[in-house]
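[1] Next come a sequence and a model predicted from it.
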Amino acid sequence: MSRNQCRLPRLAKRLVNVSVVLSLLALALHLRAQDQTIAQMIHTSWTGRDGAPQGITALAQTRDGILWIGGISGLFTFDGVNFAPFNPKPGSPSLPVSPIRFLFVSKSGELWVSPFHGAAICIHGGEAQLYGRVEGDHLDVIGQVQQDASGILWSVLNEKHLVRLGFDGIWHEVANPTRSSGHVSKLYIDSNNTQWVVEDNLLYTRPQGETEFIATTVNVYGPAKIVEDPDRSLWVMGEGPTPAGAVNLQHVDRVGRRLFAPQVYGQINTILVAPDDSLWVNKNEELQRFSARAISRDYSGPRKNDSDFYRLKNGPTAYGLQALLSDADGNMWIGGMGGLDRFEHANLVPALPGTKVGAWHSCVDSQGEVWVIDADDQLFVIKNGQTSLIHSWKGPSNLFCGQEKRGIWRFSCSNRVPPVHSRGRGELHSESPP
């Protein structure tokens, strides 16, 4: 005989089921708005069999929604269905034959492409234009294009000179932080129009209106990455290798003073702040995500449970992860040596993870709380996205939520077990049937 022997009247059961569905949908939307672990998100992969380019090194999205992919095989586009190598419209110059290192979308929507060697490329409306004329030094590579608040484009020439694109279409040299030809591993312009430069493993800052760079106390080793947090602080990483005692992930305020940063072990390839303010860290075959609470400057509670790991197991895309992108819909894209991965927020996530298949019973009380008895005869209550275990029994049972009186009634199919009435979370009383 089925365990579900005690049934509500057909009409009442139908109404309760509708209420449960609506409540669970509301719960799902609430969970979506809050943190989701990477494992709870919808994961889709594209490999060479799907037409995805291999050896992806950079990702960007333009205003038309097109995803641009740079890699060792050149520049590609992806419309969500088809991958295609980019070929500029007739009349445009031929693109350099070189792997792609950086992609940048300007405020006016142009895509700037920085190959590993050769001139920078500006793409707009399918047309391409090369910007390879430089003042001073010879051209080897133009990289790390950035744009200031006035619309002027900045870049790094040959990894040792800061340059600015003039109205004449020529890259003009400007003074480096050290006023010498050191190794410049990063240029970044933040939302305050402050310039940040990593030269010879040291981070410098130049606020808007200032002519000189100011040295911070932050050392950054190897190829660097800088991303901005919604509170306008900055996350800074270096791929290393780092000397003994140095860290590869750092957090600074808008003037370059150190803030709290979680410790990340191993080499970091890239970082990104997601739309939900969480911090994503890419570590070759592994993704690590720190919740907004875990990286908050004002949070003083335990942080060890506020990050999660996701390893891309047993798949062609699961190695050499190099690029991270958050698109206009809040989806996370990861590019690597084997192809492309996407993580989307799930509309429905498990409210009771780890429970087994079987006879379940649920109802919604007058306060909008969802009450559930699972296949193990455990009573849970779900409120504001949080699940709490209330009680456990032995033997089959059913559940009813009273509407006028805030009561939760559990009916046993065995006469030896009395009905139970809950008048509050954690308060269980045996009573006669209502």
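    Good, I have the coordinates.
[2] Would you mind measuring from the residue positioned nearest the centre of the chain to G238?
    Residue closest to the average C-alpha location in the chain (Cα atoms, centre = their mean): A274, at 3.8 Å. According to Cβ to Cβ, to the nearest Å, A274 stands 21 Å off from G238. C-beta coordinates here come from the backbone N, C-alpha and C atoms, glycine included.
[3] cool, K356 as well?
    Look at K356 and G238: by Cβ to Cβ, they are 46 Å apart.
[4] neighbour count winner among the two?
    G238 (26 against 7; other Cβ atoms under 10 Å).
[5] P223 is in contact with the more buried one, correct?
    Yes: between G238 and P223 there is a contact at 7.1 Å, judged by Cβ atoms under 8 Å.
[6] show me where pLDDT drops low in this structure?
    For the chain, residues meeting the criterion pLDDT under 70 lie at 1-35, 297-306, 313-320, 348-350, 353-354, 393-397, 403-434.
[7] how many other residues sit next to I295?
    23.
[8] nope, L312 is what I meant
    There are 20 residues near L312, going by other Cβ under 10 Å.
[9] State the distance from the spatially closest residue to I38 that is not a sequence neighbour to I295.
    Nearest residue to I38 in three dimensions, chain neighbours excluded: Y310, at 3.7 Å (Cβ to Cβ, 6 or more residues apart in numbering). To I295, Y310 is 17 Å away according to Cβ to Cβ.
[10] The stretch 251-400 of the chain: strands as residue ranges?
    258-259, 270-273, 279-283, 286-290, 307-311, 323-326, 332-336, 339-344, 361-364, 370-373, 378-383, 386-392, 397-401 (DSSP state E, counting those that start in this stretch).
[11] G169: which of these is closest?
    strand 323-326 (28.7 Å; Cβ to Cβ).
[12] what sits up against that closest one?
    Residues outside strand 323-326 that contact it (Cβ atoms under 8 Å, 6 or more residues apart in numbering) are 56-61, 67, 70, 270-272, 274-275, 280, 282, 332-336.
[13] show me what contacts the residue nearest to the centre of the chain?
    Taking Cβ under 8 Å, 6+ apart as the test, what A274 contacts is 280, 289, 326, 330, 332.
[14] Neighbours of the last one, how many?
    Number of residues near M332 (other Cβ under 10 Å) recorded here: 23.
[15] Would you quantify the distance from the nearest residue to it once chain neighbours are set aside to F167?
    The shortest distance from M332 to any non-neighbouring residue, by Cβ to Cβ, 6+ apart, is to F343 (4.4 Å). For F343, the distance to F167 equals 42 Å [Cβ to Cβ].
[16] Please apply the same query to P275.
    36 Å.
[17] and these two? which has more neighbours close in?
    For P275 versus F167, the count of surrounding residues by other Cβ under 10 Å is larger for P275: 14 against 6.
[18] Kindly tell me how buried the nearest residue to the more buried one once chain neighbours are set aside is, as a neighbour count.
    In this structure, P275 finds its nearest non-sequential neighbour in G330, 4.3 Å apart by Cβ to Cβ, 6+ apart. G330 is flanked by 13 other residues according to other Cβ under 10 Å.
[19] my guess is G330 contacts H345, does it?
    Yes: under the criterion of Cβ under 8 Å, G330 makes contact with H345 at 6.5 Å.
[20] got any residues that touch both of G238 and P223?
    Counting by Cβ under 8 Å, 6+ apart, the common neighbours of G238 and P223 are S185.
[21] Domain map for this structure?
    Annotated domains of the chain cover 10-34+353-430, 38-344 [automatic domain parsing].
[22] Looking at those domains, which one is packed in the most?
    domain 38-344 (a mean of 17; mean count of other Cβ atoms under 10 Å).
[23] How about L103: what's its closest non-neighbour residue?
    Going by Cβ to Cβ, 6+ apart, L103 has A60 as its nearest residue, at 3.8 Å.
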